[in-house]
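Asker: predicted coordinates and the sequence they were generated for:
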Amino acid sequence: MRFCSLLPVVALLFALAGCGDSPPQPTPALDPAAAKGQQVFKQSCGACHALSPDTIVVGPSLAGVATRASARAPDLDARQYLELSILKPDATIVQGYSDVMPRNFGKKLTGEELDTLVAFLLTLE
């Protein structure tokens, strides 16, 4: 008799367990090159570019930049476009933004830093 009286309570608990938001999915870990590039981004780019969508600091948000980069210049792949945007920013000015990005990143960043920065940016889909 006691077991039967607990059935509605158990059923209710199972029903409630299925309600609500699902737990947040863990952020995938970056590979070592992209993780180094994330640090380069924070040091060299983060003052002017946000990583959250629709957030403008000085330059455009870089959320989703890997996807946009692959479509911005038909003769360049995403990696080439990002490298060109960093090294020669006046060649790829995004419409609606001023030509204010520094042109010294070719001298400021080492080849490894540039490679890791681009690797990080390519994770921003």
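Answerer: Sure, I can see it. Residues are numbered from 1 along each chain as shown.

Asker: low-confidence ranges in the protein?
Answerer: Within the chain, the segments meeting pLDDT under 70 span 1-27.

Asker: so where do the strands sit in it?
Answerer: Counting by DSSP state E, the chain has no strands to list.

Asker: buried stuff in stretch 50-68?
Answerer: Within stretch 50-68, the residues that count as buried by 16 or more other Cβ atoms under 10 Å are Ala50, Leu51, Gly59, Pro60, Ser61, Leu62, Ala63, Val65, Ala66, Arg68. In short, each C-beta sits where N, CA and C put it, glycine included.

Asker: now, those residues that are in helices?
Answerer: Per DSSP state H, helices hold the following members of the buried residues of stretch 50-68: Val65, Ala66, Arg68.

Asker: name the nearest of those residues relative to Ala119.
Answerer: Using Cβ to Cβ, Ala66 comes nearest to Ala119 of those, at 10.3 Å.

Asker: contacts only, for Leu84.
Answerer: Residues in contact with Leu84 (Cβ atoms under 8 Å, 6 or more residues apart in numbering) are Ala73, Leu76, Ala91, Thr92.

Asker: and the furthest pair within those residues?
Answerer: Farthest apart among the contacts of Leu84 - using Cβ to Cβ - are Leu76 and Ala91, which lie 10.2 Å from each other.

Asker: in terms of neighbours, single out the busier of these two.
Answerer: Leu76 (16 against 10; other Cβ atoms under 10 Å).

Asker: how about that one: what's its closest non-neighbour residue?
Answerer: Leu84 (6.7 Å; Cβ to Cβ, 6 or more residues apart in numbering).
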